[in-house]
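S.K.: Here is a sequence together with a model predicted from it:
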There are 4 protein chains.
Amino acid sequence: MRTSLGIAVAGFGWMGRVHTQSYLRVSHHFPDLPVRPRLRAVADEVPGRAEEAADRYGFATATRDWRDLLADPAVEAVSIGAPNFLHREMGVAFARAGKHIWIEKPVGLTSADARAVADAVRAAGVRGTVGFNYRNAPAVAAARDLIAAGELGAVTHARFRLFSDYAAHPDGALSWRFERARGGSGVLGDLAAHGVDLVRHLLGEIGALVADTAVFVPERPRPSGATAGHMRAAGGERGAVENEDYVSAQLRLTSGARVVLEASRVAVGDQNNYGFEVHGTRGAVAWDFRRMGELAVSSGGDYQDQPTRTVHVGPGHGEYAAFQPGAGIAMSYDDLKVIEAAHFLRSIAEGRPYGATLDDAVRSAEALDAMAASAESGSWVTLATR
Amino acid sequence: MRTSLGIAVAGFGWMGRVHTQSYLRVSHHFPDLPVRPRLRAVADEVPGRAEEAADRYGFATATRDWRDLLADPAVEAVSIGAPNFLHREMGVAFARAGKHIWIEKPVGLTSADARAVADAVRAAGVRGTVGFNYRNAPAVAAARDLIAAGELGAVTHARFRLFSDYAAHPDGALSWRFERARGGSGVLGDLAAHGVDLVRHLLGEIGALVADTAVFVPERPRPSGATAGHMRAAGGERGAVENEDYVSAQLRLTSGARVVLEASRVAVGDQNNYGFEVHGTRGAVAWDFRRMGELAVSSGGDYQDQPTRTVHVGPGHGEYAAFQPGAGIAMSYDDLKVIEAAHFLRSIAEGRPYGATLDDAVRSAEALDAMAASAESGSWVTLATR
Amino acid sequence: MRTSLGIAVAGFGWMGRVHTQSYLRVSHHFPDLPVRPRLRAVADEVPGRAEEAADRYGFATATRDWRDLLADPAVEAVSIGAPNFLHREMGVAFARAGKHIWIEKPVGLTSADARAVADAVRAAGVRGTVGFNYRNAPAVAAARDLIAAGELGAVTHARFRLFSDYAAHPDGALSWRFERARGGSGVLGDLAAHGVDLVRHLLGEIGALVADTAVFVPERPRPSGATAGHMRAAGGERGAVENEDYVSAQLRLTSGARVVLEASRVAVGDQNNYGFEVHGTRGAVAWDFRRMGELAVSSGGDYQDQPTRTVHVGPGHGEYAAFQPGAGIAMSYDDLKVIEAAHFLRSIAEGRPYGATLDDAVRSAEALDAMAASAESGSWVTLATR
Amino acid sequence: MRTSLGIAVAGFGWMGRVHTQSYLRVSHHFPDLPVRPRLRAVADEVPGRAEEAADRYGFATATRDWRDLLADPAVEAVSIGAPNFLHREMGVAFARAGKHIWIEKPVGLTSADARAVADAVRAAGVRGTVGFNYRNAPAVAAARDLIAAGELGAVTHARFRLFSDYAAHPDGALSWRFERARGGSGVLGDLAAHGVDLVRHLLGEIGALVADTAVFVPERPRPSGATAGHMRAAGGERGAVENEDYVSAQLRLTSGARVVLEASRVAVGDQNNYGFEVHGTRGAVAWDFRRMGELAVSSGGDYQDQPTRTVHVGPGHGEYAAFQPGAGIAMSYDDLKVIEAAHFLRSIAEGRPYGATLDDAVRSAEALDAMAASAESGSWVTLATR
Ligand SMILES: NC(=O)C1=CN([C@@H]2O[C@H](COP(=O)(O)OP(=O)(O)OC[C@H]3O[C@@H](n4cnc5c(N)ncnc54)[C@H](O)[C@@H]3O)[C@@H](O)[C@H]2O)C=CC1
Ligand SMILES: NC(=O)C1=CN([C@@H]2O[C@H](COP(=O)(O)OP(=O)(O)OC[C@H]3O[C@@H](n4cnc5c(N)ncnc54)[C@H](O)[C@@H]3O)[C@@H](O)[C@H]2O)C=CC1
Ligand SMILES: NC(=O)C1=CN([C@@H]2O[C@H](COP(=O)(O)OP(=O)(O)OC[C@H]3O[C@@H](n4cnc5c(N)ncnc54)[C@H](O)[C@@H]3O)[C@@H](O)[C@H]2O)C=CC1
Ligand SMILES: NC(=O)C1=CN([C@@H]2O[C@H](COP(=O)(O)OP(=O)(O)OC[C@H]3O[C@@H](n4cnc5c(N)ncnc54)[C@H](O)[C@@H]3O)[C@@H](O)[C@H]2O)C=CC1
């Protein structure tokens, strides 16, 4: 007998919509889930947006004020899809109100924010799932399995990249994303956060790092009127970009492996060029999000002149079998969120973590803070171990 | 005010499931659709399968006998996801019963079958949509637009391929797929049908063709007990494969363009290696299903030494914007079916065709029949023009 | 003790130059060759061209009349790099004069031409080597070895393509290449000849074929003054193109394998897009001349879902070790001709064939003739077996 | 009237051989060179090796002692292809003896070594060319031209990688390459040197850097007897590897651009995976040595969603036209050395630099020293500007 679980979504933009769709699809792919999500409430500050979402997706109620959700007893779990600067306030409040939370990365602007949410979740005894969705790609799961099984030997060096052109246009409006107070450290929270999570998920903890950052588009036109998404501004007066366009870092993992991580939001020519290449003493594995279903693997006992094979993921790799019956059939980005929804619901049902948790968000945020500090100081920064 | 439309699904295997999920998702992506599908009934002959589907997806009723759906007034439209040899009987019956049909390709075993269904649909005044889903890939839509806009000049020569390894194992059981009476012409209906549809969709009608076919795995072990999917048989007695593993054809289009089409179900090493390369007097375009979101385009005015660019499709290409907000974010195979569902529903609402119709199925089947005839006779076969 | 061998080159254009350089380089890579070529004489009808070649490369004598070479006793072997319509006359004359010949493909305009040269060579007891250089690529040699060793099982179906844009510009001058009397069958001799040779080299003899041809640029401007290479004409009056821009063919090999072969000289977007994909009952192998050092191989015992690996050729693959000490270091097109020179010299020294011979040229030309005949008749054409 | 130039080669291993062949080929490709190299003398300490080289390539004299060449008046220019630890001694001695030198990278073990050679060259008034051959690839030349022409806008961030598996086998013998005294800093001089040169050649000077290094195969079996190349040792006692397997660095260029550079000699799965990706405010360019003739270019005015095109280099790109008549025809690694030979000879003839000079070697070595120092200190290191 499946239990029903009352769901709310706070912040109904891109991610709010994808979380919502995931709740509606999760039982198609994971029929054995012991809980069934029911859409209870949606909140978004933009007038009409929550109502429209309720109408389209069947939420029972809609509001502009997310605080309305706190006291609603029908709401048992909340998806937080609001901008980063609201993650802490929302996350802490929902947790304290006894709601489980599925919160988007990076969970606030700093590691203090992430820790505050993590602490509140722990204190309240609720479950917390974080939107580090690239973990969920079957090819990434397959890579992790290969590495864990020792197919690559000991990992030696790796590279992780997150290159996007979403802020590449110099006339892209100077929205809140480019303010430090609301947009945090820019590309660090936006993209590098995913990279850090993948490093940790695949290779383990970071011991120390040294980083560099840069702003390549130092001024942008102030938006005239409200901007949505990454709008181009008509030509208003220019103001200063306050946070990072680019970050690079050299990491030393506690395992001894070396990692280079780079993220850019102004990488002209690159649309979601996200991926990694991991080398070990016996093999290598590489993945590119743009070809999400392919994994490049070099393994065997040859060491030198060892070829690399292209594997099209299929049933048996991560959660692929929940989506497609045979290898080489495209899954979508959104499917990764369906997997995340399943993790969230299962963790609630079973009272134990599945997938990325708030501890992962804290660790990731600590690494991002260390990168910012290192870029400032010009020194290696050692990360706390636990 | 949106109208509700009662839906049934007949044959609940892979495609039945994907159609069902598409009905449930279509309004997420196409909120303006004037009709809302409601899941009324599901039929599958395997005991328990329809009930399980009803339970999981919310169909109001379930049955083992698809004929039960014919008289059900709540059923206004039917998805036909049964094997090819049932397409004609089901398609004709549902159309005569006044139900709109969304029927899987290839619509029967021969062009006579497809024509019978097309005739019944026309006679009944219902709408018919056919599962030629590769058309719906945004990259394919973009390719079609490029060609139609004359960006490639006049199309000169092209190649279409559909290579799969689904029947490559010599110990794959001798299921109905390998019988002529139930599996028809084998790879022709299974894969080449998609290729013919893409040729016609992108480049126009076929004037004449010459074809060759082959069986490369002439014997397979008879299945011991029931087989599902492409099961491997334990080692029973071997029987003869009756239909084609491979087909190749040279086509002359009515436009004068030359096309080579190949399909194989025993292409070891290829998982869904489906795609095309089209050349014109001024450019070229190529697509590979395995990298569904990429399009290779050579255009401009250079003729010689003209580079080829990789385009990651995005909003503006086909129906991409209904799924993702920016370029280079993976869509799934299943999303192509959501687009197909939207075509079906819109065609019902508006009383005119959207997407692939039964006429397309007839044309495709005629080309497949011509291939079989040509392979038999060793001669070029001219296709009827209309 | 190495013997010296007096060399002449007849026709000093692109190929004449590359043959010459190969003679000068062959001992760098094949020091054990028992003969040492010495450049004795060069002939080219363009005033000054032979002299310049002699000056630059050290030929002892130069002439405009290739017949001068016939009686020169210092000339023991001749490279024939003149246009196709001269192959027969030159080849027969040099053979009759007792000279070994290294003759460029396709060896004349028809199989009768190739046979005449082959007969003269046989009658004179000299050696004949033909410029089917793609055979010599180490990756092609590796592919052949894989196939011969049964790594792919029995070959089932394959595709060979030779796509170039060298005649893609509609204002490319109407040179002799586009005349039937001097340019023969156009793209058939120019490009398809290489394809046929690769088919035979890798997969064995052709039993029968059906072909189609097309002219896509039917008129071109007549050249004003002399044209060299693929010059663009200034805008003279237009005349008719007499030979083929494109050919496609379906082949049935005597082994039972099916092959699709295509060649185009007007493939906009393609610069030397030459290559093949071969499937067998257990594996597959593919090669692309543009990435000459890479071979894509799928082998093993999996049949289905078997990955494809990228092999960077290295020592042990064909003659690679004569050029580079480790895998993945680029060889050039010209290096393939150095290998061909070694074959030629070794065949002279040892009195037995190495590499492609005039029999190969005859077989290739017969297949091209059959393609032309099939395109004319619309029927399958059976090739003679021997 | 061309002058003849007496050439010696000191150290006849891989590079000695390739230099020699380049001298013999350079006039084939660069007929207008005002000097003609004549092979006078060759020296190699391995008994018989110089004699064999003289025999095969036509050097007038051979010796085991390279100092014999110093006083030979027939020797006007010397190629230095001995191991790194001999570069300084040889380079200084030959320069002082008034010989022009073409010396292999990295020119000694440290920047002090490179500077000593540079100083000697300057003092003697001879010319010095350094073996930074990747510069000479036509695609690299094309990339440089694109960047210089501003097609990418201002360069923002870039990545350079040099990944090889040549030392990946843990049983590879502990040769001199792994000793600090003779092998220097390991992968830094071996591979990273090329990367630094490419950074400088394409993007300009390095202002500061922070680096990390690692040894991943800390022990190797001592060689039993003499080892050649990268031999595998039979199983002797293991000794410590003294120099680096891996280096990574973050660079700040004086232009403000950020660069990540990585080099590994133990990158299992990678055979000469050398290349770069350069991003600018308006475009991007990428190159991979394994596909030497291809350049990936994103340019235009789109900033976002701008596609990347694959350019097959051809005449007009760098020195391509000296080798091949049309785009997309493979050049070899060795051809890059022929271009280098042309640079060397032209610089001698004209008394001014062409291609990479000893100043480039000094700058490169300084960056490598800075990397070693930074890895030691954990701090950013500022490079001297001039
Ligand atoms: N996991 C992933 O791959 C991705 C994660 N994200 C994360 O998701 C979060 C949201 O990003 P997007 O959906 O792209 O942004 P978005 O701008 O599309 O949506 C944010 C929504 O929050 C609403 N909102 C703002 N203030 C609010 C308030 N006080 N109360 C209620 N609603 C409020 C906005 O009106 C908007 O509808 C961010 O934290 C981002 O980092 C975003 C994209 C991808
Ligand atoms: N558009 C596309 O890309 C694809 C199209 N197809 C087409 O879809 C059709 C079904 O293929 P799959 O779903 O792969 O097959 P499947 O074997 O997974 O499903 C067929 C279903 O029909 C049921 N069925 C059989 N006889 C029945 C009867 N008399 N009454 C009710 N149900 C019956 C079976 O029990 C089974 O559940 C085929 O025509 C195939 O060509 C299949 C896969 C992909
Ligand atoms: N194996 C391969 O990959 C290639 C083969 N070829 C073949 O090589 C042959 C020559 O082609 P290219 O070198 O590209 O042509 P080209 O036009 O560059 O050279 C032909 C040369 O022959 C000379 N010639 C013409 N008539 C002559 C005569 N009566 N006496 C002496 N010299 C005469 C011309 O003046 C010219 O220098 C052709 O048969 C072609 O099919 C060409 C290119 C590549
Ligand atoms: N530019 C490039 O891409 C490359 C550059 N190199 C550089 O070239 C140099 C040589 O490397 P390889 O040719 O690969 O090495 P190798 O080991 O093949 O050749 C070195 C040669 O120097 C000889 N030699 C050693 N001591 C000598 C002495 N005292 N007197 C005379 N000869 C002596 C050895 O006997 C051997 O023949 C190195 O500095 C290396 O960094 C090497 C490979 C590629």
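M.R.: Now that the structure is in, tell me what you want to look at. Residues are numbered from 1 along each chain as shown, chains lettered A, B, ... in the order given. Ligands and ions are numbered 1, 2, ... in the order given.
S.K.: make it CA atoms for all contacts and neighbour counts henceforth
M.R.: Will do.
S.K.: so how far is chain B from the residue of chain A found nearest chain C?
M.R.: Nearest to chain C in chain A, going by CA to the nearest CA, is A:Arg309, at a distance of 3.6 Å. From A:Arg309 across to chain B, the span is 11 Å (CA to the nearest CA, to the nearest Å).
S.K.: count of residues packed around that residue?
M.R.: For A:Arg309, the neighbour count with other CA atoms under 10 Å in any protein chain shown is 23.
S.K.: Am I right that it is in a helix?
M.R.: No - under DSSP: H, G, I helix; E, B strand; the rest coil, A:Arg309 falls outside any helix and is assigned strand.
S.K.: what's the pLDDT at it?
M.R.: A:Arg309 carries a pLDDT value of 98.
S.K.: May I have the beta-bridge partners of it?
M.R.: A:Val297, C:Arg309 (DSSP bridges).
S.K.: Quick one: residues contacting it.
M.R.: Each residue near A:Arg309 by CA atoms under 8 Å, 6 or more residues apart in numbering or on different chains is listed here: A:Ala296, A:Val297, A:Ser298, C:Pro307, C:Thr308, C:Arg309, C:Thr310.
S.K.: D:Gln271 versus the fifth one, what's the distance?
M.R.: If I follow you right, that is C:Thr308. Computed as CA to CA, to the nearest Å, the C:Thr308 to D:Gln271 distance reads 17 Å.
S.K.: how close does A:Ala330 get to D:Trp287?
M.R.: Distance, A:Ala330 to D:Trp287, by CA to CA: 29 Å.
S.K.: okay, these two: which has more neighbours?
M.R.: Between A:Ala330 and D:Trp287, counting by other CA under 10 Å, A:Ala330 is the more crowded of the two (28 against 22).
S.K.: Would you agree that one falls within a strand?
M.R.: No - checked against three-state DSSP, A:Ala330 lies outside a strand; its state is coil.
S.K.: how close does it sit to B:Arg291?
M.R.: Using CA to CA, we find A:Ala330 at a distance of 8 Å from B:Arg291.
S.K.: again, but for A:His317
M.R.: Separation of A:His317 from B:Arg291 (CA to CA) stands at 18 Å.
S.K.: So the helix or strand containing A:Arg40, near ligand 1 or not?
M.R.: Counting by DSSP states H and E, the element that carries A:Arg40 is strand A:35-43. Yes - part of strand A:35-43 sits near ligand 1 under the criterion CA under 6 Å from any ligand atom, namely A:Ala43.
S.K.: can you pull the contacts of the closest residue to ligand 2 within the stretch 51-200 of chain A?
M.R.: In the stretch 51-200 of chain A, the residue that lies nearest ligand 2 is A:Pro138 (21.3 Å; CA to the nearest ligand atom). Taking CA under 8 Å, 6+ apart as the criterion, A:Pro138 is in contact with A:Gly293, A:Val313, A:His317, A:Gly318, A:Glu319, A:Tyr320.
S.K.: Flag every buried residue along stretch A:312-325.
M.R.: For stretch A:312-325, the buried set under the neighbour-count rule, 16 or more other CA atoms under 10 Å in any protein chain shown, comprises A:His312, A:Val313, A:Gly314, A:Pro315, A:His317, A:Gly318, A:Glu319, A:Tyr320, A:Ala321, A:Ala322, A:Phe323, A:Gln324.
S.K.: Identify the residue nearest the fourth one in space, chain neighbours excluded?
M.R.: Okay, so that is A:Pro315. The shortest distance from A:Pro315 to any non-neighbouring residue, by CA to CA, 6 or more residues apart in numbering or on different chains, is to A:Ala321 (4.3 Å).
S.K.: Can you tell me how far the residue nearest to A:Glu319 when sequence neighbours are not counted is from A:His317?
M.R.: Spatially, and ignoring its direct neighbours in sequence, A:Glu319 is nearest to A:Pro138 (6.0 Å; CA to CA, 6+ apart). To A:His317, A:Pro138 is 5 Å away according to CA to CA.
S.K.: wait, does the host helix or strand of A:His201 contact chain B?
M.R.: Per DSSP H and E: A:His201 is located in helix A:193-203. No - judged by CA under 8 Å from any CA of the partner chain, helix A:193-203 stays clear of chain B, getting no closer than 15.3 Å.
S.K.: Relative to the next helix or strand after that helix, what are the paired strands and their orientations?
M.R.: Once the chain leaves helix A:193-203, the next helix or strand it forms, by DSSP H and E, is strand A:206-214. According to DSSP bridges, strand A:206-214 forms sheet pairs with strand A:246-253 (antiparallel), strand A:381-382 (antiparallel).
S.K.: looking only at pLDDT, what's the mean for the last one?
M.R.: Meaning strand A:381-382. Strand A:381-382 carries an average pLDDT of 98.
S.K.: quick one, what contacts A:Ser299?
M.R.: With contact taken as CA under 8 Å, 6+ apart, A:Ser299 is in contact with A:Glu151, A:Leu152, A:Arg282, A:Gly283, A:Ala284, A:Gln306, A:Thr308, D:Gly269.
S.K.: A:Asn133 touches A:Val338, doesn't it?
M.R.: No - assessed by CA atoms under 8 Å, A:Asn133 is found out of contact with A:Val338, at 9.5 Å.
S.K.: These two: which has the busier surroundings?
M.R.: Remark: of A:Asn133 and A:Val338, A:Val338 carries more neighbours, 28 against 22, as counted by other CA under 10 Å.
S.K.: Make sure that one is indeed in a helix.
M.R.: Yes - A:Val338 forms part of a helix when assessed by three-state DSSP.
S.K.: Filter the contacts of A:Pro138 down to the ones in helices?
M.R.: Among those, none falls in helices (DSSP state H).
S.K.: From those, which land in strands?
M.R.: Among the contacts of A:Pro138, none falls in strands (DSSP state E).
S.K.: Next up, the contacts around A:Ile206.
M.R.: Going by CA under 8 Å, 6+ apart, A:Ile206 touches A:Arg200, A:Leu251, A:Arg252, A:Leu253, A:Thr254, A:Ala367, A:Leu383.
S.K.: And the residues you listed, which of them are buried?
M.R.: Buried residues within these, counting neighbours by 16+ other CA under 10 Å: A:Arg200, A:Leu251, A:Arg252, A:Leu253, A:Ala367, A:Leu383.
S.K.: so A:Gln306 sits right up against D:Val268, yeah?
M.R.: Yes - using CA under 8 Å, A:Gln306 is in contact with D:Val268, at 7.0 Å.
S.K.: Brilliant, that's me finished.
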